[in-house]
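> model the following, please.
(4 chains)
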There are 4 protein chains.
Amino acid sequence: MQPAEGMFDTPEMAALFSAEGHLRRLLDFEGALARAEAAAGLIPPTAARAITAACQVGRYDVPALFREAAVAGTPVIPLVRLLSAEVAGDAGRFVHWGATSQDTIDSALMLQMRDGLDLIERDLRALASACAAHAERHRHTPMAGRTLLQQALPITFGLKAARWLALVVRRVRRLRALRAEALVLQFGGAAGTLASLGDQGMRVTELLAAELGLSAPDLPWHTERDRIAQIAAELGIVAGAMAKIAGDLLLLAQSEIGEVSEAALPGKGGSSALPQKRNPVDAVFAVASARLALSEVPLLLGAMAQEHERAAGAWQSEWAALPRLFCATAGAVARVRSAVAELVVHPDQMRANLERGGGLILAEALSTALAPRLGQPEAQRIVQDACARAIEEGITLRQAAGEDATVRAVLPTEALERAFEPSAYLGVSDSLIDAALVQFKDLKRVGGSAT
Amino acid sequence: MQPAEGMFDTPEMAALFSAEGHLRRLLDFEGALARAEAAAGLIPPTAARAITAACQVGRYDVPALFREAAVAGTPVIPLVRLLSAEVAGDAGRFVHWGATSQDTIDSALMLQMRDGLDLIERDLRALASACAAHAERHRHTPMAGRTLLQQALPITFGLKAARWLALVVRRVRRLRALRAEALVLQFGGAAGTLASLGDQGMRVTELLAAELGLSAPDLPWHTERDRIAQIAAELGIVAGAMAKIAGDLLLLAQSEIGEVSEAALPGKGGSSALPQKRNPVDAVFAVASARLALSEVPLLLGAMAQEHERAAGAWQSEWAALPRLFCATAGAVARVRSAVAELVVHPDQMRANLERGGGLILAEALSTALAPRLGQPEAQRIVQDACARAIEEGITLRQAAGEDATVRAVLPTEALERAFEPSAYLGVSDSLIDAALVQFKDLKRVGGSAT
Amino acid sequence: MQPAEGMFDTPEMAALFSAEGHLRRLLDFEGALARAEAAAGLIPPTAARAITAACQVGRYDVPALFREAAVAGTPVIPLVRLLSAEVAGDAGRFVHWGATSQDTIDSALMLQMRDGLDLIERDLRALASACAAHAERHRHTPMAGRTLLQQALPITFGLKAARWLALVVRRVRRLRALRAEALVLQFGGAAGTLASLGDQGMRVTELLAAELGLSAPDLPWHTERDRIAQIAAELGIVAGAMAKIAGDLLLLAQSEIGEVSEAALPGKGGSSALPQKRNPVDAVFAVASARLALSEVPLLLGAMAQEHERAAGAWQSEWAALPRLFCATAGAVARVRSAVAELVVHPDQMRANLERGGGLILAEALSTALAPRLGQPEAQRIVQDACARAIEEGITLRQAAGEDATVRAVLPTEALERAFEPSAYLGVSDSLIDAALVQFKDLKRVGGSAT
Amino acid sequence: MQPAEGMFDTPEMAALFSAEGHLRRLLDFEGALARAEAAAGLIPPTAARAITAACQVGRYDVPALFREAAVAGTPVIPLVRLLSAEVAGDAGRFVHWGATSQDTIDSALMLQMRDGLDLIERDLRALASACAAHAERHRHTPMAGRTLLQQALPITFGLKAARWLALVVRRVRRLRALRAEALVLQFGGAAGTLASLGDQGMRVTELLAAELGLSAPDLPWHTERDRIAQIAAELGIVAGAMAKIAGDLLLLAQSEIGEVSEAALPGKGGSSALPQKRNPVDAVFAVASARLALSEVPLLLGAMAQEHERAAGAWQSEWAALPRLFCATAGAVARVRSAVAELVVHPDQMRANLERGGGLILAEALSTALAPRLGQPEAQRIVQDACARAIEEGITLRQAAGEDATVRAVLPTEALERAFEPSAYLGVSDSLIDAALVQFKDLKRVGGSAT
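Residues are numbered from 1 along each chain as shown, chains lettered A, B, ... in the order given. The predicted structure is shown next:
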């Protein structure tokens, strides 16, 4: 057991990519191969049945098998030996017929990744749902929009949630498209020619893909790893999206800002030294998990440079990196889902922060109100002067503006007041929230394999 | 000028992502914005015409503008000032109306990336064409298939080229799909609400997107960088594909293997010390360029964690990383295209290498020939013994096998001979080559924006 | 020109790593080689003088030379040709005698890196000086210490600056040690045996190293790139240190926190849309530059896997990555130096933020005051309850504590007051500030090549 | 259990960085803290004894503790609770006195890393020893030196091994220096002021460092992670060195080159499909392990940007990355050590490959022989022509040279013969081998903490 276990993953994903989870799919491949070859007339149907019967993970000593794998350099060598021995009668000699170890390992990883993508999509959909709820509920909750960590203009918390939502919806859409592009069978035999199957290679490929519920590839792809890289990159993008949302949560939860806080749970977020601390633990671990996920992507993209018909190192490194990537991405998504779904939002504090700057955040609104009468450059100049005076003298921008003769001449008092009302300067926020919600509804309507 | 200029890029891509290339698109945005706002009735049509007339890159001192940009922290501040001054009459006050600097910069980069993807797709198609030619021409040219850098089984050079081809075709396909997903306008104003455009934000967005030939996005995306990350990841995958092909070329061109060589050109591939050297320069620089391209991807994925409504550092780092990524990817593709298109193939040397191992590479073929009579385990055992004897005694496997009583009993001489003929043990290589060529033909038929 | 030029570097470092800066050192090598070989009696002294005379960068057309280099695959091939032609008389045939192109390029890069490390050390020392000034001046300026972005306990701004100082001092120390370990001559000839120098190889190596002011290496190191990797890693660590300091500045400068701001300069930190914005531009570009620097490190570490006696791609990729790394690191250091040296500190706002939490930040102080009488567990329990009540009822912790019967029984009023005075709960902050200042004084006393 | 367990690590390092290994050091810290505080008079000596007695890893349910840690966000919260309960009498209230969870975790990791560096240094020394043996034994074994994967000039296998040796010796030296720089105690309390220890903070720090056998740091360093980054970078460099050596082994072991092979062991290096395969498994897994190690470095360097007094995510990500980095580096070193120590070297094949090129590899030797009489340019021109003719006509360079009138005029037959004897053109190879062996002897003489 590693100390970080459970911190940066989810239990389901950890089980899926465990040694047992991998062996289960290695066996699924060997069983399916036997059935496909029986259907193609290459091996006796009785052998296929006997092999299938032996392909149950419970029959094998998982740790022993993987210890042997570490010596052999591949789990398939001990697997074939043990499986052949386990098969009843003399059908053992048909085990792994015509396949190479990479066929088995790559296809098993594809089966694991298929299930892993399901898990991630499920949690992303739950996150989208939580974002959509905030977008609706806080459609009219004004808060400061911030650029370069400075207050810039008012937005609403609903709009912020809507942009998170749109981000998540786009990633779910892409994950779905990716399934069709990237989840394919690997089958080529020792050098990709399927030579030991004579002229039956193409037919067995089709049958085997159907048995496993994977697509048949255009060609075997032992050293053309673009599909693996695509999956890796997309998980990295999902992790990056989680880092964005979690980063916003951390900034909003700062003691001095206090616009959101994570739900308090017993045993969560405390401090070993400080009794008053309520740490945003989910966001913290989402950020950590996302970083861990992202750190696997360069390895997997860099591993595309594989030699000739089978790689000497780059391929093998995928065996450690892919499980870590799926686990950490799942951890990041689960943490953000939990943080957003349970988020405690503080509209009063959002309003208080908006007003803290003495109306500086509405400088553009004031300038926009003045521009039709004064032209943009003159309006901006006047507002810039008023801002400088407000900052220098420690008064509000409203006061500084109210004391400017030109402003008074151009804007009646109520227009000046309106210029300083955040909720009157939200532009098309409402339409943008609607746009994100429509995308989310589309996504739910279409559904997907993971729904 | 930097010493590496021209080594790891292409002249076209370098020009596209130069300061002038960027400024050209910044101006394209500002002109299009003025026209869109005029069409929406927000600014006078005469102002739009005057602004459009001033949006010509030749009118500006490019180095001076970017020197000022380095102080201001954005090129848009000097740009707006200079452009406003350049606009005839008093229309200068309508320049950049309602936009924020990130709207201009992101949209300009999208326009550059659109053209950059065209260039990369064009060279990938030329590379695919070169691969297809090798696949056809060397359909029946046997060579050693190699796994873990050891001879494994015979393949053909046509099959190797067909797998490169399939890889390239998949990436072209994906690049095309990516255009629709990822190339979108950025437009949101200072905090993403388009507040200074009143209720015209959505309409101007549509008009502006149409003016620029970009898609309108679901929502503004100043700090949701998933599309940038998608483009970056896909270029990384293209670079990884180039590293795979170039790596194979380097291995095949080794002095001791000599199965391919790069075309000799005056001034290319020599050595400052060694008169006899013919270095595979294109493959070497393809590998270097691919590594440089890949090194930009983690930065761009890691830069997804952007704060609130505009990022304080991560976004700005994209300005250096994206141009480098496009340039290095283009360099890698151009080098591989040149290497493959001009490749000198040595079939005799391929045949010689196949035979060098004394038939060991056909051990599986022998075992497959024996299996129907002896069963796979017994066949494998016999072949393993023969291999061991051949290696130990320095004789060929054919001789060792021919001296084995069981082999002689089971296989007539001509069958034994056939087992040692590489071209008789190529499985479904032909069908796989056909499959790759079909994919390529489909790609050409459908065409695309870059054709 | 690239659009990002000047944004993420410094002019001095950019010049040092320009094409001209590289060519200058390539020529330095060739001249020194001739002199060393003349001293060893391998070539005539007149030839050495003639070659030295021709080794002036102003004599060459830099862009033309590097354009040719891009075709040849190395700048040394055109360099040797042009230099040989430029040398007076027939001494041209002794140019580059016995060397290989990698000897010239690696040694030139070492000379550039030596100067580049000087520049970085100089700016780090200036930064240390600025940190030390803040540490002294704000030794008694209390502010909130923050963990996980939550207020934790009081510290002083002097202590924060002292920790930045200690970090910078450690990196300067390490940079100095690195010079001795990593800055060495490259000299081995085409395969590292110096065969064409007969038995004079070791002697010429010593003489050449002395000529260039570099150490002679234990052995030639064409494909053992650990020294390059060490330099790269250390610059990455410097960049990471800059990201830490700049990140703190960005957080402290947030509108709602306002504890520091960057000095206002004309044309710096404005916004194209918002008149009131004062953006922390230096910190923003420090973060961006640091990220760009860090992105070069994995490439350079990954490039250690170089083939045999000269690499086919990995080495060449260093030519682009090393200059970028030096430039971006220099940019990050210069930006942080500028931000810290000119920093405007707001002690009142620090005090105000400390008090904003109603004394929650002194929960540990209260618990420490109670512990001697109640034991730590009981003290912590009481404080935790008081915190909960304070948060729930919106009162200060001081009030909540003052209303607790046990607290009143154990702590007299003045002791309770003292528990809520931040400056009374600073532990050994003063000694820690002293410790950092002592380290800095040591550093200055020892001086270094760059002082 | 994960499927890759045991493949990319060593059992010792895996145990050291297991959950149990971590808990053991967390407890070491808590016990030492109690003793230091008792020595400083802060807590009763009896309490320190009781706490020390309870600090035995066997008393705790490791998986349960770390499951709770995943919820709490730190292992120290459950640890303090369980340890306090385990301590006899009422001394439990003195557990973790004045410390913060990061003090415990960082110090425990330092203790683990200290032991981890010992393990790595031990294996590197064994590897150095194996390299030194080859350098001695094969001092006069000529082989082809190769640049850009092309034969360049003769070297000896002893020289190749000597350069591996020098690389390894340099890394051992650096690892030793690193111990003093980077292995330090972490101790600062909740915000780095040690406020809850009153004026005893500095004294307890000294005592605690002495108890643990770590250096006391200049200042606490909760968010100044440069030492962690230094360790990470250096392990990355070690991994890169392993990738270099393993890469050479893979290239030398190619079927067509066959200059080395890995020792055959039962169950190692076989193939699931091909009976004749003898895969270089150690080198393959060394490459894979090195890539995995390198992939952790950017995360750890990037994690230097930590917020304020404790980071929200970056620090936590170290908990997963550091163990992986130590395990993978150890795996890479162990694999290379095993491969080199047991390496089977084939001098005959080295000689055969040298001669395979028809003497082209001695083109420089020929040119060097001609230069004294003809001048370098003329000599090079003649040799270049002879090379071209040899390649074109398929004859040896010796024959082509022998048929050139100028060559015949200048070089007597025996001089021509000598020019084509590889062992006569090895320059200072012998001295370089000696230099590497001297460095290795120095290293052994000085010894080190790990010897």
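> and residue A:371, what does it touch?
Residue A:371 makes contact with residue A:379 under the criterion Cβ atoms under 8 Å, 6 or more residues apart in numbering or on different chains. The C-beta positions use only the backbone N, C-alpha and C, and glycine is treated the same way.
> give the buried residues for the host helix or strand of it.
The secondary structure element spanning residue A:371 is helix A:363-374 (assigned by DSSP states H and E). The neighbour-count check on helix A:363-374 (16 or more other Cβ atoms under 10 Å in any protein chain shown) flags A:363, A:364, A:365, A:366, A:367, A:368, A:369, A:370, A:371, A:374 as buried.
> return the residues in contact with the fourth one.
What that stands for is residue A:366. A:383, A:386, A:397, A:401, A:407, A:416, A:419, A:420.
> equivalent analysis for the last one, please.
If you count contacts by Cβ under 8 Å, 6+ apart, residue A:374 has them with A:382, A:406, A:410.
> and it, how far from residue D:220?
Distance of residue A:374 to residue D:220, computed by Cβ to Cβ, to the nearest Å: 56 Å.
> do the same with the second one
Taking Cβ to Cβ as the criterion, residue A:364 is separated from residue D:220 by 44 Å.
> one more: the fourth one?
With distances defined as Cβ to Cβ, the gap from residue A:366 to residue D:220 amounts to 47 Å.
> walk me through the domains of chain A.
Taking automatic domain parsing as the reference, chain A has its domains at A:1-99+A:197-215, A:101-184+A:221-353+A:428-451, A:360-419.
> out of those domains, deepest packed?
Mean neighbours per residue, mean count of other Cβ atoms under 10 Å in any protein chain shown, is largest over the domains of chain A for domain A:101-184+A:221-353+A:428-451, with a mean of 23.
> so how far is that domain off the chain centroid?
Chain-centre distance of domain A:101-184+A:221-353+A:428-451: 4 Å, with Cα atoms, centre = their mean, to the nearest Å.
> thinking again about what came up before, among the contacts of residue A:374, which lie within helices?
Of those, the ones assigned to helices by DSSP state H are A:382, A:406, A:410.
> which one of those residues is nearest residue D:70?
Nearest to residue D:70 among these, counting by Cβ to Cβ, is residue A:382 at 56.7 Å.
> isn't that closest one up against residue A:409?
No: if you go by Cβ atoms under 8 Å, residue A:382 and residue A:409 don't touch, sitting 10.9 Å apart.
> dump the buried residues of helix A:363-374 to CSV, plus pLDDT and distance to residue C:282.
Converted to CSV, the buried residues of helix A:363-374 look like this (pLDDT from 0 to 100; distance: Cβ to Cβ, whole Å):
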residue, pLDDT, distance to residue C:282
A:363, 90, 23
A:364, 88, 24
A:365, 90, 29
A:366, 92, 28
A:367, 89, 27
A:368, 86, 30
A:369, 90, 33
A:370, 91, 32
A:371, 84, 31
A:374, 88, 33
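> just name the closest of those residues to chain D, please.
Checking these against chain D with Cβ to the nearest Cβ, the nearest one is residue A:363 at 29.0 Å.
> what distance do you get for the closest one to chain B?
The spacing between residue A:363 and chain B, counted by Cβ to the nearest Cβ, to the nearest Å, is 10 Å.
> now residue A:314
10 Å.
> nearest residue to that residue in space, please, no chain neighbours.
Closest residue to residue A:314 apart from its sequence neighbours, by Cβ to Cβ, 6 or more residues apart in numbering or on different chains: residue A:303 at 4.0 Å.
> need the phi and psi values for that neighbour.
When read as degrees, to the nearest 10, the backbone of residue A:303 gives phi -80, psi 0.
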